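In: give me a model of this one.
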Amino acid sequence: MVSIVRREELIKRKISSGKSDVNIGKKGIYEGLLNEIKRRLEQEKVIKVRILKSAFKVLGMDRKEVAKKVAELVGAKLVTVRGHTFVLEKARKKLRGKS
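Out: Numbers count the residues shown, from 1 in each chain. So this is what the prediction gives:
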């Protein structure tokens, strides 16, 4: 389990790093892209995704809509949207209370 401080540190480091982990290009949002994002989330817990200009022409959505849609499709938490880049965090599993 990742502590809250460690999680926030991972998020800050990912936001400030220049390189994105996954790019959304002219193919738009497709099965292979979603599988790659899910795989990366399992490995790294926090990933940075960049939307290339060609994707906007294909998708017909603005950057925030694209980020929300991708987060919803992969079951992740949308942390932030900055410019054409957004950060996703792996959704935490809810702990069941004792009954």
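
In: give me the three-state assignment for Val79.
Out: Classification of Val79 using DSSP: H, G, I helix; E, B strand; the rest coil returns strand.

In: spatially nearest residue to it (excluding sequence neighbours)?
Out: Val87 (4.2 Å; Cβ to Cβ, 6 or more residues apart in numbering). C-beta: built from backbone N, CA, C; applies to glycine.

In: which helices and strands does the helix or strand hosting Glu65 pack with?
Out: Per DSSP states H and E: Glu65 is located in helix 63-74. In terms of contacts (3 or more Cβ pairs under 8 Å, 6 or more residues apart in numbering; DSSP states H and E), helix 63-74 is packed against helix 31-44, strand 46-51, helix 53-59, strand 76-82, strand 85-90.

In: in it, what counts as buried?
Out: Arg63, Val66, Ala67, Val70, Ala71, Val74 (16 or more other Cβ atoms under 10 Å).
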